[in-house]
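1. This is a predicted model, with the sequence first.
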Amino acid sequence: MNALNIQKGATSHSAYDLRDPHSQVEESHTLAVLVENEPGVLARVIGLFAGRGYNIDSLTVAEVDHTGHRSRITVVTRGTPAVIEQIKAQLGRIVPVHEVHDLTVEGPSVERELGLFKVSGKGDKRVEALRIAEIFRANVVDSTLESFVFEMTGTPAKLDAFAELMQPLGLIDLARTGVAALARGV
Amino acid sequence: MSRVMTGAKMVVEALRDQGVDTVFGYPGGAVLPIYDELFQQNDITHVLVRHEQGAVHMAEGYARSTGKPGVVLVTSGPGATNAVTGLTDALLDSIPLVVISGQVPTFLIGTDGFQEADTVGITRPCTKHNWLVRDTAQLSQTIHKGFHVATSGRPGPVLIDIPKDVQFAEAEYVGPKQIEPATYQPVRKGDINIITQLVELMEKAERPIIYTGGGVINSGTGASQLLRELVDGTGFPVTSTLMGLGAYPASGRNWLGMLGMHGLYEANLAMHGCDLMINMGARFDDRITGRVADFSPGSIKAHVDIDPSSINKVIHVDLPIVGDVGHVLEDMLKVWKSRGRKVNSAALGKWWEKIEGWRSKNCLAYRGSDTIIKPQHALERLEALTKGRDRYITTEVGQHQMWAAQYLHFDQPNRWMTSGGLGTMGYGLPASIGVQMAHPDALVINVAGDASWLMNMQEMGTAVQFRLPVKQFILNNERLGMVRQWQQLLHGERYSQSWSDSLPDFVKLAEAFGCAGAVVRDPADLDAAIQQMLDYDGPFILDVLVEKHENCFPMIPSGKPHNEMLLGEADTDGAIQSGGAVLV
Ligand SMILES: Cc1ncc(C[n+]2csc(CCOP(=O)(O)OP(=O)(O)O)c2C)c(N)n1
């Protein structure tokens, strides 16, 4: 293909992205999908992933423009480069989808997730949990004599790490929002 | 002038404003207000079908033969679920349809009301887009939007679900010109830089091939004209998928015939051996590619498609061009001409010699017979006896469909209606009715297999009621022929459930429906029987009793590359190994 001297980004469409199309290595990509907030739009997006056998590692959705009725769906998905390109093209085909951005390839971006962690324990374990929470800058949002609920915002990896440390200290319940992401800069 | 009216009246008004002359449908409780409005007007003809699946296939036939969207009206619940097969068929073959379904009133939605089904939920994966309209004030714009979505970009079916209370309520009617510009606006022009690169490659190519698909037909008759100009100007060979037949004339100098699983030897080998492949509006379906890893290994591939998701989905291409085939062809021609109409003539001459060598294999040859009608022979005679007439062909699905694609010739687009992507048995009879509605004076023939034909045979009643002289040409092998062929090749000749037992007497059936029929079994009587069918002024069923065990060749077994075709019975031993057997 390079022999043909096609410039990268000859058009802006994702199907032309020129990473090695034959790579069999799975990559994780964060996609921002801007949609018309009409009934069933989330079902269309999820149905596409289910129907065509694509992965969803995380998915968040909320209306971000109330007057324009636009919602932003953030999907973290996994696949070979060819599959990722196909996912983007298929998303772009859904009529109420206005824009599809691959934050993973479009430049630096920030990703954040919020988690609530319920940890139950007494004595040393309780003290240790509180100490680690401080290191991670988690907030205590509920407390009883036998439990805490910590709230923490961070990258998915940071939440994973926190959950892992809390496991032996009595982590009994966990809720995560899924990833919200934005490109850096303007 | 304020135009306040009921939702039901809006539906009819919007259809009229969209230029609709024919609606295929079936009434029921949830669409009675719309039927009431249809009763009180004369601009739109309603074709009463016998089963909603038939309505959708009729609309497909209408759309495919006119280039206009087909329109269907069905009731809630079973009416809508019966439409699902047709919607899926239209989605896979990119046929523009607007299907309107009734729904239980909004206040009953979610209560499992009588004849309630989650129609938008059920049809979400089998429509290009669908809407549940909860407010009469939104109804007329939604219908106009529906027509826009169905017909722009890659065409496809849309469904608009209208609860009964929304049909009764009143609101202001909005005409097609008053609605806000649609946000859905697919690209039409291809990237001129890539088009120029393609032309540069065309100038140098030693073994080029143009491979066309249904996209050329969908792009309109102008695209077919431009294709002819490009092919005849460059002298490049051209082949086509099942869906693209007629875009380039079968009588044209550069025509190689259909490619793919049952395509012609010369077409498939030319695809395999080319150095430049130009895909115009086709989608590298598995029926075309065979084993992907071995698909045309030595070629540079260009792909023109209006749907970006078709590009690099199956086959990785070097020159992706997103755009409408007609627009891209126009630009290709412009660039090619402005650069001096160059081609590599010397190499092209050698390429054609090679192709002629493959052609001399005469891959469509079959063993004739004086005692039994060979299906291929029946089609050759049909071709000969209808030559020169403006002829529309529909088909069912199976061996007869592939033989029709091989032995009938199409010189014009929009003359060939077949279920390609979904392979829906039961498509052909209703599709022929839809075509005949659109072209009342044309010759419309459904080439059918006995088993497929039975799947929607109730629509014969529709043909008779509307005096539509559709010809049903049934190649009756008393078998589910294509299934039998696969069982012979793949499952040790264990013919599990692949024969048609207790077939009806088709002549009596024709009489029972109030039309005419005939049966023919002797090759000597074949021409007269076909002529009788053609001459009859009305719908006609011709039961052609053909050889029961004929196999359809050439054949590229599933999972094999193009250069491993089977040309006849002698090649079939152990042809399909277990690896290919899991494929369909
Ligand atoms: C609705 C549907 N069911 C099943 C099939 C699978 N199928 C493909 S071809 C075929 C046999 C068709 O038999 P017939 O219509 O007699 O045509 P022939 O192959 O004999 O020409 C079957 C069962 C299908 N394509 N569509």
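-> Alright, I've got the coordinates.
2. For chain A, give the strand that spans the most residues.
-> Across chain A, the strand with the greatest residue count (assigned by DSSP state E) is strand A:109-120.
3. elements contacting the following helix or strand past that one?
-> Next helix or strand after strand A:109-120 toward the C-terminus (DSSP states H and E): helix A:123-135. Applying 3 or more CB pairs under 8 Å, 6 or more residues apart in numbering or on different chains; DSSP states H and E, one finds that helix A:123-135 makes contact with strand A:147-154, helix A:156-166. Heads up, the C-betas are built off the backbone N, CA and C, glycines and all.
4. Of these, which is nearest A:Thr60?
-> Between A:Thr60 and the helices and strands packed on helix A:123-135, the shortest separation by CB to CB is 11.5 Å, and it involves helix A:156-166.
5. What lies in contact with the closest one?
-> Outside of helix A:156-166, the residues that reach it under the criterion CB atoms under 8 Å, 6 or more residues apart in numbering or on different chains are A:58, A:76, A:111, A:113, A:115, A:117, A:119, A:129, A:132, A:136, A:138, A:150, A:152, A:154, A:171, A:174, A:176, A:179.
6. Kindly format the C-alpha coordinates of stretch B:108-128 as PDB.
-> In PDB, the C-alpha atoms belonging to stretch B:108-128 read as follows (Å, rounded to 0.1, in the frame of the first residue of the first chain):
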ATOM      1  CA  LEU B 108     -51.500   0.500  25.900                       C
ATOM      2  CA  ILE B 109     -47.900   0.200  24.900                       C
ATOM      3  CA  GLY B 110     -46.100  -2.000  27.300                       C
ATOM      4  CA  THR B 111     -49.200  -3.700  28.700                       C
ATOM      5  CA  ASP B 112     -49.100  -6.700  26.300                       C
ATOM      6  CA  GLY B 113     -52.200  -5.300  24.700                       C
ATOM      7  CA  PHE B 114     -54.000  -7.300  22.000                       C
ATOM      8  CA  GLN B 115     -51.700  -7.500  18.900                       C
ATOM      9  CA  GLU B 116     -49.000  -5.500  20.600                       C
ATOM     10  CA  ALA B 117     -45.500  -6.300  19.600                       C
ATOM     11  CA  ASP B 118     -42.300  -4.300  20.200                       C
ATOM     12  CA  THR B 119     -42.200  -3.600  16.500                       C
ATOM     13  CA  VAL B 120     -39.300  -1.000  16.600                       C
ATOM     14  CA  GLY B 121     -37.400  -3.400  18.900                       C
ATOM     15  CA  ILE B 122     -37.900  -6.400  16.600                       C
ATOM     16  CA  THR B 123     -37.100  -4.500  13.400                       C
ATOM     17  CA  ARG B 124     -34.200  -2.400  14.700                       C
ATOM     18  CA  PRO B 125     -31.600  -4.800  13.400                       C
ATOM     19  CA  CYS B 126     -33.400  -5.400  10.100                       C
ATOM     20  CA  THR B 127     -34.100  -1.800   9.000                       C
ATOM     21  CA  LYS B 128     -31.800   1.000   8.100                       C
END
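7. Please list the outside residues in contact with the longest strand of chain A.
-> Contacting residues not belonging to strand A:109-120 are listed as A:30, A:58, A:103, A:129, A:138, A:141, A:146-156, A:159, A:162-163, A:166, A:169-184 [CB under 8 Å, 6+ apart].
8. relative orientation of it and helix A:156-166 in degrees?
-> 20 degrees (axes from the mean of the first three to the mean of the last three CA atoms, to 10 degrees).
9. Now do the buried residues in strand A:109-120.
-> A:Ser109, A:Glu111, A:Glu113, A:Leu114, A:Gly115, A:Leu116, A:Phe117, A:Lys118, A:Val119, A:Ser120 (16 or more other CB atoms under 10 Å in any protein chain shown).
10. Give the pairing partners of that strand; include direction for each.
-> Within its sheet, strand A:109-120 is paired with strand A:147-154 (antiparallel), strand A:171-176 (antiparallel), strand A:180-183 (antiparallel), according to DSSP bridges.
11. just these: most buried one?
-> Ranked by average neighbour count under the criterion mean count of other CB atoms under 10 Å in any protein chain shown, the strands paired with strand A:109-120 are headed by strand A:147-154 at a mean of 18.
12. Figure out how far that one is from the centre of its chain.
-> Here strand A:147-154 is found 19 Å from its chain centre; the criterion is CA atoms, centre = their mean, to the nearest Å.
13. which residues sit in contact with whatever residue of chain A ends up closest to the ligand?
-> In chain A, the residue that lies nearest the ligand is A:Gly51 (20.2 Å; CB to the nearest ligand atom). A:Gly51 makes contact with B:Pro125, according to CB under 8 Å, 6+ apart.
14. And for B:Asp21?
-> B:Asp21 makes contacts with B:Asp43, B:Ile44, B:Thr45, as judged by CB under 8 Å, 6+ apart.
15. PyMOL command for the buried members of those residues?
-> This is how PyMOL selects the buried members of those, with burial counted by 16+ other CB under 10 Å:
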select buried, chain B and resi 44
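16. For the stretch 401-550 of chain B, which segments count as helices?
-> With DSSP state H, counting those that start in this stretch as the definition, the stretch 401-550 of chain B shows helices at residue ranges B:428-438, B:450-455, B:460-465, B:481-490, B:506-513, B:526-535.
17. which stretch in these is the model least sure about?
-> Per-segment confidence across these bottoms out at helix B:481-490, which has a mean of 95 in mean pLDDT.
18. Looking at the contacts of B:Asp21, which is nearest chain A?
-> When these are ranked by distance to chain A (CB to the nearest CB), B:Ile44 comes first, at 26.2 Å.
19. Verify the stated contact: that closest one with B:Val11.
-> No: proximity of B:Ile44 to B:Val11 does not meet the contact threshold set by CB atoms under 8 Å, at 10.2 Å.
20. ok and the residue in chain B nearest chain A?
-> In chain B, the residue that lies nearest chain A is B:Ser309 (3.7 Å; CB to the nearest CB).
21. burial of the closest residue in space to that residue that isn't next to it in sequence, as a residue count?
-> Sequence neighbours aside, A:Ala89 is the residue nearest to B:Ser309 in space, at 3.7 Å (criterion: CB to CB, 6 or more residues apart in numbering or on different chains). Here the neighbour count serves as a burial measure; for A:Ala89 (other CB atoms under 10 Å in any protein chain shown) it reads 21.
22. now do B:Asn563
-> Using other CB under 10 Å, B:Asn563 has 15 other residues around it.
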